[in-house]
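In: predicted model and sequence follow; I will ask about them next.
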Amino acid sequence: MKNLENVSKLFQDPASTKVISTVSKENEVHSIVAGSIMVIDNDTLAIAEVFMNTTSANLAANNQAAFLAVKGMESYLINATVQKRHTDGPLFDTIAEKFAAMNMSIKAIWTFTVDKIYNESAGPDGGKQLF
Ligand SMILES: Cc1cc2nc3c(=O)[nH]c(=O)nc-3n(C[C@H](O)[C@H](O)[C@H](O)COP(=O)(O)O)c2cc1C
């Protein structure tokens, strides 16, 4: 993530808790836990649409999302913009295969462009913008 190794590491850590927040067209904020939040490359995040309904409706109506990862005292926040909802193609197929191995099917993969990154750790750097 923008060459910030600690940020990529925390978002890629299966043991971190990851949350996506979205906003409805009526401006209602909605947050869910999503284990599938994944780092695609330095500029791109993705999430698997497995159970979500409200979140996907919000993303279709409002392309802004916030991603929070936390483990222990370390936490980072990423603000991002929807790129695309993928229902086929190589990225969808690769991730669908991984879920199939866990006996789960996915409805779609959403990809996002990273806009801003904040350190939200418990410490003096909490709240500081990193990108
Ligand atoms: C540990 C954990 C991981 C989850 N991971 C995902 C996920 O990757 N994708 C997903 O669609 N829902 C996931 N869920 C379920 C969502 O938190 C949520 O309950 C569901 O998607 C409904 O979302 P909605 O309120 O936006 O409709 C997860 C829930 C938990 C507790």
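Out: Received, thanks. Numbering: from 1, shown residues only.

In: tell me the centre residue of the chain?
Out: The residue lying closest to the centre of the chain (Cα atoms, centre = their mean) is I37, at 4.2 Å.

In: just checking, it touches F67?
Out: Yes. Between I37 and F67 there is a contact under Cβ atoms under 8 Å: 5.9 Å. Glycine gets a C-beta too; all of them are placed from N, C-alpha and C.

In: which neighbours do the two share?
Out: Shared contacts of I37 and F67 (Cβ atoms under 8 Å, 6 or more residues apart in numbering): 11, 18, 20, 45.

In: name the member of those residues with the most neighbours.
Out: I20 (25 neighbours; other Cβ atoms under 10 Å).

In: surely it is in contact with F67?
Out: Yes. At 5.5 Å, I20 and F67 qualify as touching, with contact defined as Cβ under 8 Å.

In: what comes into contact with whichever helix in the chain runs longest?
Out: Longest helix in the chain by number of residues (criterion: DSSP state H): helix 90-100. Residues outside helix 90-100 that contact it (Cβ under 8 Å, 6+ apart): 36, 38, 40, 46, 48, 50, 86, 105-106, 108-109, 111.

In: next helix or strand past it?
Out: Later in the chain than helix 90-100, the nearest helix or strand by DSSP states H and E is strand 108-119.

In: all good on my end, thank you.
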